[in-house]
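**Student:** following is a predicted model, sequence given first.
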Amino acid sequence: MTATVNSGASSAPQKRKQARSSIYEIPQRFVTFVILGIAAIAVAAPFLWIFRGAVTPTDRELYELPPSFPLDATIGNFFKVFQQVPFAQFALNSIIVATSITVLQLITCSTAGYAFARLNFRGKNIAFAIVLGGLMIPLQVTIVPLYLALAKVDLTNTLWSLILPPIFSAFGIFLMRQHFLSLPNELEEAARIDGAGHLRMFFQVMVPLSGPALATLAIITFTYWWNDLFTPLVMISSVNQETLPVGLVLLAGRYTTGSLGTIAAGITMAIIPVLIVFIIAQRWIVQSIASSGLKI
Amino acid sequence: MSTESVRGNGGGVLMGTTPGGEKHSAPKIGAPKSRRSKRRADGLAAFGFLAPSGIGFVLFVLAPTLGVIVLSFFNWNLISSGTFVGFANFVQLFKDPHVLAVYASTTYMAVVILAINIVVGLLLAVLLETRMPRWLRAFFRLSFLFPFVVSSSAVALIWRFLLDNDFGLVNYWLSFLGVPHINWLGTTQWAPIAVIIVNSWKTLGFSILIYVAGLQGIPNEIREAAIVDGANAWTRFWRVTLPMLSPTVFFLIVINTINAFQVFAEPRVLTQGGPGDSSRTIVEYIYDTAFGGLQIGYASAIGLTLVVLLIILTAIQFRLSRRWTFYQ
Amino acid sequence: MKHSTKRIAALLIAAGLTIAGLTACSSSSSPSSDKGKTLDVAYWNYGPGAVSDNNALKKGFEKENPGVKVTLTPVAGDGWGDYVANLAIMIASGKHPDIAFMASEGVKFLDQNNLLLPINNYLKTDPEAKKLKADIAPSLLKAFSSGNDIASLPNGFNDFVIYYNTALFQKAGIPAPTGDWTWDQFQAVAKQLTTNGTYGYAWTGTEIAPGVLPWIANQGGNLVGKNACSATANSAPVEKTYDYLEGLIKAGISPTPPASNDLITDFENGKIAMFGAGRYVIPTMLGQGFKSFDITRYPTGSTYQTTLGASGYPILKSSPNPDLAWKFQKYAASAAVQDAEIGTPTAPFDSIPTLRSTANKTVAAGIPPANTKLYYDAVDNYKVLTPFPGPARYTQFAAAVLQDTQLIFGGDDTVKQGLDQMQKDLEPIVTCSN
């Protein structure tokens, strides 16, 4: 029952056509689209409000019921964001931090995931249980000892204090392990017969087959750390080292008297880089799946 | 938590549909004798492959966790010198009426959030697999993933406005459906539901993403064989798709359970845990105790209870999973 | 990169050290290498204004004192409690600023943890201070103290007043309030203003002041007892206040307190005719061109007391240069600095100046509202609520009050039940024994 390597998309369409003859097909698809449509609208609606807020000149218009699209839409809120906080600097910091963490995690998680899925060694079960244990400890508890330790080596208030702690990711290892578990054994056997060592096996056999899994991990990691507010709030005490989520908090201000329109503009701009990563990664997922037909 | 057995129980029957077995003939579990020598050789390699994560684990998980364990025996407010208090923080846990109340609300919200992610997430992911134009699929996928890409606290700020009792948009639109104003954030009945809605809204996209990836990994031959066998969509789902998807389901249950017990940003921004403790999560309580009350020792002790609880829950999930997960 | 791998290696050892050093790392005062010429000022970076204001302070002070170097340490924080916690973590890691920005909420925290260097002696001996002190309302210093220890010269404050929409008052044919009104009169006016789509009065559910505190003060009560060392949540004045406020909700005059604290926009849109706030709301309103509002006092219950919160730059005990720090504090509260902050009628200062002379200049500058004089008069001519309900564990205190208040106003608890619960929750939090 191994995933057959060349089961690609090529054979799918013609087979699917056979199923089309069913008389239930049309109403079924209608119901499907209605459900998906309603769900998509419900999920996306708050964003319409955010985007509308970003181009609405005053909060007064924004709060009006019923809501309508502002006829006097402006891009003034975006300028206000740059006026009020060093947004470009924050964005740059966020890009550095999220990208570094993503790259590091792709390495640490794929290697560890491979070891847990494909290698046999003593204490594997215990080691994996410990890895999962790493998921259970909320950051809100460990942040105090972590801060004190990082302060001892003068890393607090640097981007390192944001980049280094997440290099171990229990979630990522778990995800990659599940993926490597699902790869067919035959590949391994064949490579072994060719005399491949572990390194070659990993880089030439396993990694090329791991596009979708790595892309998924990349999206999740990048997004998660892009949005992390808690760590920079504690670790960073210098304005030009802060990241975007902190910038959004700053826009809200001391008595939360900041303009919602400006905050909405800030959120809108903070979404864009993540969307770009997502679109790239999604294409990568689709392509990889089409060529390998493998699962996570 | 035997990973070996999870891995090893594959290969077997899948409800009588075993198509495309051409490459299947090679024994999966490997001959016992070759396994032994391989194990020794793997040891060194495993060490190498685990090293990058291992360093991170020791420095950034193990060391701080040991710190937390030590702190849990101290009374310390960060400023004055800490005093060793033995098990006093753990004794206080049992005297503190809020701990139980907070665990109750956390569990309530976590169970619902988990159910929504697993069930609704699967439903939407399966529906996404329906034949449809490419752009439409991309549109749906993007909409579902949208909430996942924005920062929780920023978005909770917006939701706080949307869910307002008197001036919020949600109640405004609901009033057209004849629903009387719901005090989403101000009553013990609705506040946890508001947290559930906002958190699920945020996390669902992630679950769908993992489901979709899992679904796309199911070899077409298997589904097609089922179609040829004349199974209808319903039967195909239960007898083919779901078993094939079981590792993904399992993964999502484990991860979503842990995440659902660690919800933090939503209650903090939306309701501050109130009214009473009705929408307070344990992590928010830990945060309030540590950052609001500067009772670092006590917060560490509460944190450790959560760790133990999650370890037990996960161990149970792994044990149970042997009965129902299916690995290729 | 090579350098940082070394650092990482040191990290694990450091983690062990930290734990071992848990009991030791606190009280040792850090030696300053700069022979009394460097001043480290920690401040709360709550938003765009904080950075520019503190940079201006630094530059001004360095210019006045050549050879002195001021280093600024912005401390982030998503809310007041977060700032204090982050400051405490920084101190725990061995950094000891000379000065830390503090608001009334944190004074007791500093004092109880033996961090605060009170300025009582400076006030007595420094002739310049006498001049400043004469220009500051006495109640401001009293409200910025812990017991008899005066924390700092305040450089800004907010007192809570009622904001009312003048257009709505005109429309309803109600004369502008003079501030001399009783709770019953207030309720009658609020009821008259209540129409379909407009609430007569609203208060936020996310802050205790404004919110319930100014009302409690006007019943002669408080949420804490003497010196903020005990809780008095189920005392008679508090109960009377909650009964009254619950009555406003039940009569449909007030909404259940919203979980958002931005009532400003709803006020501008005429959905709320009156609400309570400090002066911090006016930059937002004036910035958006909204001017049809004025301010008045909260109605008088069994008494009238102004509720206020102040902020300043207290000196930390660990400072090796307390005299220089005092100089900085004085500078931050000086007329030169406060006058420069007044702002314009569209972009005013977000607090009330603590110097009477500067407050008068603000009135003269024609910054709305028309009754701007009240901001300072309210602390100069009336009694002020003391002690400020700011126990050392303020954040937990405020959270508990708000959560139990929600239970009452959301209809889950009766006033009596809710306040008894609040008292039970507050007792372990509000204490002066460590």
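**Tutor:** It's in. Residues are numbered from 1 along each chain as shown, chains lettered A, B, ... in the order given.
**Student:** list phi and psi for residue C:74.
**Tutor:** Dihedral pair for residue C:74: phi -70, psi 130, per degrees, to the nearest 10.
**Student:** so which bits of the stretch 201-328 of chain B are right by chain C?
**Tutor:** When proximity is defined as CB under 8 Å from any CB of the partner chain, the stretch 201-328 of chain B approaches chain C at B:270-277, B:288-294. Where C-beta positions appear, they are placed from N, C-alpha and C, glycine not excepted.
**Student:** among those, which has the minimum pLDDT value?
**Tutor:** Least confident by pLDDT among these: that is residue B:274, with 81.
**Student:** count of neighbours near that one?
**Tutor:** 29 (other CB atoms under 10 Å in any protein chain shown).
**Student:** now it. Nearest residue, chain neighbours left out?
**Tutor:** residue C:403 (3.7 Å; CB to CB, 6 or more residues apart in numbering or on different chains).
**Student:** so the one you found sits against residue B:277, correct?
**Tutor:** Yes: the pair residue C:403 / residue B:277 is scored as a contact, 7.3 Å apart, by CB atoms under 8 Å.
**Student:** intersection of neighbour lists for the two?
**Tutor:** Taking CB atoms under 8 Å, 6 or more residues apart in numbering or on different chains as the contact rule, residue C:403 and residue B:277 have no neighbour in common.
**Student:** state the next helix or strand along the chain beyond the helix or strand encompassing the residue nearest to residue B:274.
**Tutor:** Using DSSP states H and E, residue C:403 sits within helix C:394-409. Of the helices and strands lying after helix C:394-409 in sequence (DSSP H and E), the nearest is helix C:415-426.
**Student:** what's the angle from that following helix to helix C:394-409?
**Tutor:** With axes from the mean of the first three to the mean of the last three CA atoms, to 10 degrees applied, the angle from helix C:415-426 to helix C:394-409 works out at 160 degrees.
**Student:** okay, and the beta partners of the residue nearest the centre of chain C?
**Tutor:** Geometric centre of chain C, nearest residue: residue C:309, 3.7 Å, by CA atoms, centre = their mean. For residue C:309, the beta-bridge partners under DSSP bridges are residue C:158.
**Student:** that one is in contact with residue C:102, isn't it?
**Tutor:** No: if you go by CB under 8 Å, residue C:309 and residue C:102 don't touch, sitting 11.0 Å apart.
**Student:** what do those two both touch?
**Tutor:** Joint contacts of residue C:309 and residue C:102 (CB under 8 Å, 6+ apart) do not exist.
**Student:** downstream of the worst-scoring helix or strand of chain C on mean pLDDT, the next helix or strand is which one?
**Tutor:** None of the helices or strands of chain C scores lower by mean pLDDT, DSSP states H and E than helix C:2-20, at a mean of 48. Note on helix C:2-20: by DSSP H and E, the next helix or strand toward the C-terminus is strand C:38-44.
**Student:** and that following strand, what other elements does it pack with?
**Tutor:** Contacts defined by 3 or more CB pairs under 8 Å, 6 or more residues apart in numbering or on different chains; DSSP states H and E place strand C:38-44 against helix C:48-64, strand C:69-75, helix C:80-92, strand C:99-100, helix C:322-333.
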